[in-house]
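[1] Structure for this input, please:
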Amino acid sequence: MAESMRGLKRSCRCAELTEKQVGQTVTLMGWVQKSRNKGGIIFVDLRDRSGIIQLIFEEDKTGADGFEKASRLRSEFVVAVTGQVALRSGAVNEKLATGKIEIIVGDIRILSESETPPFPIEENSRTRDDVRLKYRYLDLRRPDLQRNLILRSEVAAQMRQFLIEEGFLEIETPMLTKSTPEGARDYLVPSRVHPGSFYALPQSPQLFKQLLMCSGYDRYFQIARCFRDEDLRADRQPEFTQLDMEMSFVDVDDVIDINERLLQRIFRRIGVEITLPLPRMTWQEAMDRFGSDKPDTRFGMELTDVTEIVKNCGFGVFAGAVKNGGSVRGINVKGQGAMPRKKIDKLVDLARDFGAGGLAYLSVNEDGTYKSSFAKFMTEEELAALVSAMQGEAGDLLLFAADKNKVVWDVLGNLRLELAKQLELLDKNVYNFLWVTEFPLLEYNEELGRYQAMHHPFTMPMEEDLPYLESEPARVRAQAYDIVLNGVELGGGSIRIHQDDVQEKMFDALGFTKEEAHEQFGFLLQAFRYGVPPHAGLAYGLDRMIMLMAKQDSIRDVIAFPKVKDASCLMTEAPAPVDKAQLEELGIEVRDGETDSGLSDGDESGGLCRDGN
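    Alright, predicted model coming up:
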């Protein structure tokens with residue numbers, strides 16, 4: 001039977017005790033991790049969020065009633081104990097922070113009993129994910145998950161403290177807003193008061209934070225909940241958290257300076273000292289060297305452009321790609337020249353998954369000869385020139401892709417990451433930060449037959465590129481910047497457009513009529529008529545950042561109650577049907593039918609665009 005804790009007051013958490021408290025009487029409360037009855041003595045490990053401490057029950061010290069209670073303890077019982085801190089009489093447990101001490105219990109109360117849990121509450125659980133997520137309230141008791149959420153809380157507090165010291169104001173923005181269907185799909189909320197009309201849950205506070213700049217608040221931040229109805233993956237959830245910020249009267253260097261110092265402070269929490277300034281790389285350089293706008297620089301295997309060398313060679317795949325305006329590029333997988341054909345075939349399949357027609361390879365043998373899928377189409381001189389350009393040596397494996405630049409970048413960028421995993425080159429103890437700058441302002445959507453904003457429609461072009469906005473829009477670079485860590489985009493932002501004429505040209509380039517622009521963004525454009533300061537901002541995906549700091553592979557392990565791949569919650573069984581009367585009140589009729597999949601990434605742009613989560 002459960003007992004009351006009336007009259008008891010917890011002295012501290014379990015692992016907050018040290019040898020300094022030896023001889024003191026303390027009251028602890030927590031969960032039973034395990035119990036070992038040795039006859040005349042009972043050992044119990046008591047756990048709370050701070051850690052574990054060993055309890056000792058002896059009948060002559062605990063009393064017959066207390067000893068009987070201790071003999072009934074099982075895993076996950078909740079207890080309160082009062083006893084004396086003592087040095088361990090047995091072997092010291094070096095694995096525990098409290099391994100040199102124990103509690104000689106004088107009194108025990110069983111506050112709550114527990115059924116046998118569906119899985120052990122232990123670190124690095126091997127229990128299936130679906131079972132752990134169904135019983136997430138038990139899963140969250142595991143010490144490794146608790147450490148992740150404690151880290152998250154402490155980092156968020158550090159962020160707030162730093163930004164407030166820098167003169168930022170924390171201001172909340174609405175959760176119910178207007179849908180702006182450009183980019184990722186919105187979650188819609190029907191209005192009972194306005195039948196047939198819908199709110200959207202915010203993909204980010206983008207428009208509102210720009211309005212706050214118009215309102216004169218100068219420096220804003222918010223740890224904001226955001227929502228996107230899109231397909232999930234290891235670092236994406238339908239609801240997520242952003243550290244969102246906006247500043248007036250600043251340039252790119254100002255934004256980067258503040259954020260570098262912010263990163264420096266919060267990463268000290270995990271013992272990582274960041275040297276400033278962080279390296280910067282243009283988007284074009286990142287794509288040319290790594291095939292990605294979020295390059296992982298922890299290892300080499302950079303792309304090499306061999307277009308000029310092979311443009312007139314006898315291998316039709318290479319020569320044809322160049323003739324059609326594409327390129328030929330390769331990566332050198334050092335020391336893997338003897339890779340089995342089966343593994344190479346899997347790499348070819350992966351290349352096809354990313355749009356390539358295939359993958360060409362060349363192994364440099366120890367005797368200096370070559371083994372290649374295309375050697376018979378090229379002369380010895382051409383092969384030697386190709387190997388030299390790739391800095392190939394005996395024992396190396398050279399992989400080549402030939403196609404349009406975008407395809408080549410996608411293929412080789414993803415291949416180098418896959419190979420790095422296979423070769424165990426991804427050291428989680430290394431933190432390589434990088435700013436990627438000067439993104440293309442626009443990207444052409446083949447399906448829609450028009451340009452789209454790579455970030456969002458309010459991103460300022462590079463001033464020297466403004467003359468090309470109407471005549472050569474693909475040439476225009478943006479005053480945009482992403483912060484990348486180990487191949488993961490932590491966040492992104494940009495300088496915003498604040499001049500009417502530039503904004504009008506931007507909408508023209510995107511194919512918006514004035515009417516369409518005002519229909520979607522009218523309240524912002526109206527505000528811009530009353531004096532808008534130059535402003536800029538950035539948003540971090542907090543979940544992704546904590547995932548990397550905690551050395552986890554999925555953001556689910558740093559979110560208290562995450563969704564699974566189909567965006568459902570196994571614990572609460574959401575989403576679920578609702579009562580017919582509720583639907584009728586909202587004027588909604590449900591029909592059976594299939595829905596299509598989610599769209600692309602979005603960023604700090606609130607339904608307008610790209611990354612940030």
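
[2] What are the boundaries of the strands in the stretch 301-450 of the chain?
    Taking DSSP state E, counting those that start in this stretch, the strands of the stretch 301-450 of the chain run over residues 304-305, 327-333, 360-364, 370-372, 397-403, 433-437, 442-445, 450-453.

[3] which residues of the chain score low on pLDDT?
    Applying pLDDT under 70 to the chain picks out residues 181-183, 593-613.

[4] what about the closest residue to Gly355 other than its chain neighbours, how many neighbours?
    Leaving aside its sequence neighbours, Gly355 sits nearest to Val407 (Cβ to Cβ, 6 or more residues apart in numbering; 4.6 Å). For the C-beta atoms, the positions are set from N, CA and C on the backbone; glycine is no exception. Val407 is flanked by 19 other residues according to other Cβ atoms under 10 Å.

[5] My guess is Val407 contacts Ala356. True?
    Yes: with contacts counted by Cβ atoms under 8 Å, Val407 reaches Ala356, the gap being 6.0 Å.

[6] shared neighbours, the two?
    Common neighbours of Val407 and Ala356 (criterion: Cβ atoms under 8 Å, 6 or more residues apart in numbering): Ala401.

[7] what's around Thr82, how many residues?
    Counted with other Cβ under 10 Å, Thr82 comes out at 17.

[8] any idea how far Ala560 is from it?
    32 Å (Cβ to Cβ, to the nearest Å).

[9] one step back: what sits against the residue nearest to Gly355?
    326, 354-356, 401.

[10] which of those are buried?
    326, 354, 356, 401 (16 or more other Cβ atoms under 10 Å).

[11] quick check, nearest of those to Lys134?
    Phe354 (34.9 Å; Cβ to Cβ).

[12] okay but that closest one is in contact with Asp410, surely?
    Yes: in this structure, Phe354 is within contact of Asp410 by Cβ under 8 Å, at 4.5 Å.

[13] any idea how far the spatially most distant residue from the centre of the chain is from Leu73?
    Within the chain, Asp60 marks the point farthest from the mean C-alpha position, 54.7 Å out by Cα atoms, centre = their mean. As defined by Cβ to Cβ, Asp60 lies at a distance of 19 Å from Leu73.

[14] can you check Gly196 too?
    When Cβ to Cβ is the yardstick, Gly196 and Leu73 sit 59 Å from each other.

[15] residues contacting Tyr538?
    One correction, residue 538 is Leu, not Tyr. 245, 255, 259, 481, 483, 491-493, 604.

[16] Now that we have these, which of them are buried?
    Applying 16+ other Cβ under 10 Å to the contacts of Leu538 flags 245, 255, 259, 481, 483, 491-493, 604 as buried.

[17] Now intersect those residues with the strands, please.
    With DSSP state E as the criterion, strands contain 245, 481, 483, 491-493 from among these.

[18] burial count for Thr304?
    Neighbours of Thr304 under the rule other Cβ under 10 Å: 20.

[19] Sorry, slip of the keys, the one I care about is Ala394.
    Neighbours around Ala394, by other Cβ under 10 Å: 13.

[20] my read: it touches Gly337, true?
    Yes: when contacts are counted by Cβ under 8 Å, Ala394 is listed as touching Gly337 (7.4 Å).

[21] rewinding a little: looking at the contacts of Val407, which one is closest to Phe507?
    Gly355 (30.9 Å).

[22] Hmm, Asn405 and the closest one touching each other?
    No: using Cβ under 8 Å, Gly355 makes no contact with Asn405, being 11.7 Å away.

[23] How about the contacts made by the spatially most central residue of the chain?
    Central residue of the chain (Cα atoms, centre = their mean): Arg544, 2.2 Å from the mean position. Arg544 makes contacts with 235, 488-490, 555, 613, as judged by Cβ under 8 Å, 6+ apart.

[24] try it again with 6 Å
    Residues near Arg544 by Cβ atoms under 6 Å, 6 or more residues apart in numbering: 235, 488.

[25] Tell me the secondary structure of it, please.
    Three-state assignment for Arg544 (DSSP: H, G, I helix; E, B strand; the rest coil): helix.

[26] Same check on Gly66?
    helix.

[27] Quick check: the gap between it and Pro195.
    On the measure of Cβ to Cβ, Gly66 and Pro195 end up 65 Å apart.

[28] what do you get for Asp557?
    For Asp557 relative to Pro195 (Cβ to Cβ), the value is 42 Å.

[29] Neighbour count: these two, which is higher?
    Each of Asp557 and Pro195 has its neighbours counted (other Cβ under 10 Å); Asp557 has more, 19 against 11.

[30] Identify the residue nearest the more buried one in space, chain neighbours excluded?
    Nearest to Asp557 is Asn148, by Cβ to Cβ, 6+ apart, at 5.8 Å.

[31] Just list what the helix or strand containing the one you found packs against, helices and strands only.
    Element membership of Asn148, judged by DSSP states H and E, is helix 143-165. For helix 143-165, the elements it packs on are helix 252-267, judged by 3 or more Cβ pairs under 6 Å, 6 or more residues apart in numbering; DSSP states H and E.

[32] What's the local residue count around Phe267?
    20.

[33] how close does the nearest residue to it once chain neighbours are set aside sit to Thr572?
    Once flanking residues are discounted, Phe267 sits nearest to Ile274: 5.5 Å by Cβ to Cβ, 6+ apart. Distance, Ile274 to Thr572, using Cβ to Cβ: 39 Å.

[34] Which one's more surrounded, the two?
    Using other Cβ under 10 Å as the criterion, Ile274 and Thr572 rank with Ile274 on top: 16 against 11.

[35] Is it correct that the more buried one falls within a strand?
    No: counting by three-state DSSP, Ile274 falls outside a strand, being coil.

[36] dump the residue contacts of Pro195.
    Contacts for Pro195 (Cβ under 6 Å, 6+ apart) come out as Gly587.

[37] can you rerun that using 10 Å?
    Taking Cβ atoms under 10 Å, 6 or more residues apart in numbering, we find Pro195 in contact with 585-588.
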